[in-house]
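test case, fold it:
(chains A and B, ligands or ions: 2)
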Amino acid sequence: MSDVIRILIAPLVWLACFGAIYGLHGLSCSATFEPDLPAGAAIWQLLMILAGGVAVTVQVCLLFALRHRAFASGSGFVNRVSAILAWTSLAATLWTSFPVLLSSSCA
Amino acid sequence: MNALKRHRELDAIWASEKGWTGWFSTVNHSDLGRMFLVLAFFYFAVGGILSMLIRAQLATPHSAFAGPEVYNQIFTMHGTIMMFLFAIPAIEGLAVYLIPKLLGTRDLAYPRLTAYGFWCYAFGGAMLLFSLFAGIAPDGGWFMYPPLTGPLHSPGINTDFWLIGITFVEISAICAAVELTVSILKYRAPGMSLDKMPIFAWYILVTALMILTGFPPLILGSVLLELERAFGLPFFQTDLGGDSLLWQHLFWLFGHPEVYIIFLPAAGIVSTVLPVMARTTLLGYGWVVAAIVALAFLSFGLWVHHMFTTGIPSLGVAFFSAASTLVAVPTAVQIFAWIGTLWKGRPDLRLPMLYILGFFLTFVIGGLTGVMVAIVPFDWQVHDTAFITAHLHYVLFGGFVFPLLAGIYYWLPLFSGRQRFFRLGEIAFALVFAGFHGTFLAMHWVGLLGQRRRIHTYDADAGWTAINLFSSVSSFILAIGLAMVLVDVILNLFVAVRGKRNPWNAGTLEWATMAPPPSYNFASLPEISSRDPAHADPGLPNRIAGGEGYLGQPRGTLRETLTVDIASGRPDYVVRYPANTRLPITLAAVTGLFFLSLLVKVYWIVPIALIGVVLLACRWVWGLGQRVDEGPVPVGRGVSLPPAAETAKSPGWWGSVFLLIADATFFGSLIFGYAFLWTIAPGWPPPEWLQPLAPELAAGVGGAVAAAVLMRLTIRRNADGRPARITCLLTLAAMGMLGVAVATMTGRVPAPTGHAYGAALLVVGGYGMLHIALAALMLGFLSVRIAAGYVSVTRKAELHIVRLWVDYAAATGVICLLIAHVPVLLT
Ligand code: HEM
Ligand SMILES: [Cu+2]
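Ligands and ions are numbered 1, 2, ... in the order given. Here you go, the predicted structure:
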């Protein structure tokens, strides 16, 4: 099981972060919250950029963890595949969370 | 013992009943795989005939044999049948048939479940087919958008056939997915570590995991829409706090991964067949594995690209546009691996290769138009036109049907043990290829000229007539080609001459046994040390038949195989399978009765059917296990292994884990739906909130914690050799307390038919209660099993399975209570 988890963990975390950021965006745009906050939109955007930053950091940590000896698998194949996937997930995180930097509107 | 005697003895143990009655009691994966494939291709023919009707109607502006009502049913059923009754079951059939043979084992993990899944598919499909012939087929398009399909605009029974029939069929997909996952992870030839698995097994593993996480959102959507239609719970009605966009989210949360669920196994066929045709090995095995895992995950982050025209916020559009462009990368990795394989090999243009070339060309075009529609402004132009239907056929037909036909021709000598002798297949390929491109290139074109999809007629002076006629004529050529494929395959199966073993000179294990394979697959299980065992050791088939592998000595009437450690492939336990039985078909029939009574709204039958399901399920599980400790038994080659009942992580435990992953996805989608309605739907806040009740919450949390603790105590006591039945019953009591708390919460929900808030809480509570009831049932069953002597210090497997379900019920029960209480406290 742990080898299966080693392979799946990085993209799983990408999916979770992607879902979370999208959910946060949904929240930020929902009518119930926005008008109650002063400068609401700016705060929400800051929050989302923060969330994107956290997602990237987590992926970087995962990458180091999976490459580290302490967490390595006995199988070289599993180590190789999980490393490729950790890099892929890092790239995916950067690519899919950059829109929060460029666009903020709920329109 | 010589090879022939071994064959006779093994066959006596493993064979299904002789004659056609054997179909109803067989649990053999080869039989069931073939039955899946035959039925799936039957539905391909039905769907194909429907598409001929569509093209006949669209051939000229004056065709008049289908009015709009009939036409709506025809295209809806065409899409539905092709996606749910053809594509997915065909994949399941191929995997069910091949996986144990590729992995060097004797059957799948749960033979009776294979049969149950097949019969659910057969009965559910029959329901839909009936609706087609009775003229009351679903007519809301294959994605069934409300409000069109809601109770107000589609009051007839048509939509219910879809919602209930498809959910029934989906059970079979979930069964097959659980089974394939566990089989691939645990049921392999000794020595077959993860990196020595045939690449096809990786594709099927990833696909099965995607089914487990992709189908639950659709099942949830169907349940909610059916609840709205049957009982007026307004999940999708905007004026009552619902939102029809919720359906689109749930549907495409399933629907986009579905596309990859269909494509990945087809790509798996290409990755298997292509290297053999090119007389080399697949380039970049590790990269391909990583690419398919990445593709699977990315495909879950794309669903909103089907909703670009619904007016969602532009940041959301940007997210999903970014993610959509990203999937091109792992797909490209695979394509480069294939091109590289061709490059380093010496390709041979035999029939499977022709279909693979057809796949390449078609799929690349489909991929390009796919990138076009991922660009939002372009999508706004062509949305809902024939351009989209043309694109989706390039991907589905090019990406699925071509590779599938390549696979059918590739494995045909294995299925039949015969050798093709006509050249009919090559002519058929030419017709299919030309017909396909004629049909759908033309549809791109009229789509760009503005012809919408799903229209039953068009204006004579729109300028589309000639193109449509061309498309229709081409589609008939395509149909003739496909009919020739069918004739060719049937001729091969029945009249061709016997062929030699392994005609393609492939390296994988399915070719190392007889063709057609015997009921037990392998006379003894080989020890694997290479990814292409048949190449590494040319004497392997004889060694297998000579009983030199594991389990070469038949033991009594036991159907035996081995499980292995997931990563290393070291053998760890012996498995004994149940024998032929009619239990699966009976259980599927009673399950069908449950769905049927919902469909025709005869609700008093529902509880009777449910009780029937429970009783049969108990009967099913009771037959497993044993009453004496056995300890390690010799399995050949000087190795002794304990039976699987003597471990905490038995096959049943693994199956439960993966079933619970699907279940958790369902629950997660439910919570997503609730949160979505709360934040996005316009009709909120509801007129009345649920009043928080501290004692209810406290009793629930207390019960849940107590149940989890007591269950662990039960396991501890059993491990110490002390009686465990009392604590087991105490766990049941704690579960009961949690159940009462969740039930009172559900009973207090305000006006479920008046607002989506109450409706959602009702479903959340119902979900919690269902799982608590299930856990309670298992605890009761377990205490009886303990009393009957099925559990001991070593035979502990059942305790650990029940613990999983108790933990899950406790956790979800608490979450249900929190969902009802916490948000109200916050607002
Ligand atoms: C056998 C050759 C096939 C032909 C000639 C064909 C033809 C068509 C046509 C003309 C339409 C458009 C109907 C309309 O918009 O009014 C259509 C829709 C569709 N087809 Fe096919 N098709 C074929 C095979 C397939 C296959 C193999 C699949 C899937 C595996 C498939 C899935 C669909 C789907 C999902 C739709 C959309 C239905 C809807 O709009 O609700 N088709 N087909
Ligand atoms: Cu999609």
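
how close does B:Gly407 get to B:Gly435?
20 Å (C-beta to C-beta, to the nearest Å). Every residue, glycine included, has its C-beta placed from N, CA and C.

now do the SS call for B:Tyr603.
coil (DSSP: H, G, I helix; E, B strand; the rest coil).

can you give me the pLDDT of it?
pLDDT recorded at B:Tyr603 is 91.

residues touching it, list them.
B:Ser597 (C-beta atoms under 8 Å, 6 or more residues apart in numbering or on different chains).

tally of neighbours for A:Ala42?
Residues lying near A:Ala42 (other C-beta atoms under 10 Å in any protein chain shown) number 11.

do the lowest-mean-pLDDT helix or strand in chain B and chain A meet at all?
Using mean pLDDT, DSSP states H and E, the weakest-scoring helix or strand in chain B turns out to be helix B:314-326, at a mean of 79. Yes - counting by C-beta under 8 Å from any C-beta of the partner chain, contacts between helix B:314-326 and chain A involve B:Ser314, B:Leu315, B:Gly316, B:Ala318, B:Phe319, B:Ala322, B:Ala323, B:Leu326.

what residues sit buried inside that helix?
B:Leu315, B:Gly316, B:Val317, B:Ala318, B:Phe319, B:Phe320, B:Ser321, B:Ala322, B:Ala323, B:Ser324, B:Thr325, B:Leu326 (16 or more other C-beta atoms under 10 Å in any protein chain shown).

next one: the fifth one from ligand 1, what distance?
Separation of B:Phe319 from ligand 1 (C-beta to the nearest ligand atom, to the nearest Å) stands at 26 Å.

so for that residue, what's the nearest residue that isn't a sequence neighbour?
Spatial nearest neighbour of B:Phe319, excluding adjacent residues (C-beta to C-beta, 6 or more residues apart in numbering or on different chains): A:Pro99 at 5.5 Å.

B:Gly673 too?
Among residues not flanking B:Gly673 along the chain, B:Leu246 sits closest, at 5.7 Å (C-beta to C-beta, 6+ apart).

pLDDT at that neighbour, what is it?
Reading off the model, B:Leu246 has pLDDT 93.

just give the number of residues close to it.
24.

show the contacting residues for it.
B:Leu246 is in contact with B:Leu224, B:Phe235, B:Phe236, B:Gly673, B:Phe676, B:Leu677, B:Ala681, counting by C-beta under 8 Å, 6+ apart.

burial count for the first one?
The reference is to B:Leu224. Look at B:Leu224: counted by other C-beta under 10 Å, it has 26 neighbours.

in which helix or strand would I find it?
Following DSSP states H and E, the helix or strand that holds B:Leu224 is helix B:199-231.

tell me the average confidence for that helix?
On average, helix B:199-231 scores 95.

remind me what that helix packs against, helices and strands.
If contacts are counted by 3 or more C-beta pairs under 8 Å, 6 or more residues apart in numbering or on different chains; DSSP states H and E, helix B:199-231 sits against helix B:88-103, helix B:158-186, helix B:244-277, helix B:285-298, helix B:651-680, helix B:756-787.

identify whichever of the ones you listed lies nearest to A:Ser2.
Comparison of those against A:Ser2 by C-beta to C-beta identifies helix B:158-186 as nearest, at 12.3 Å.
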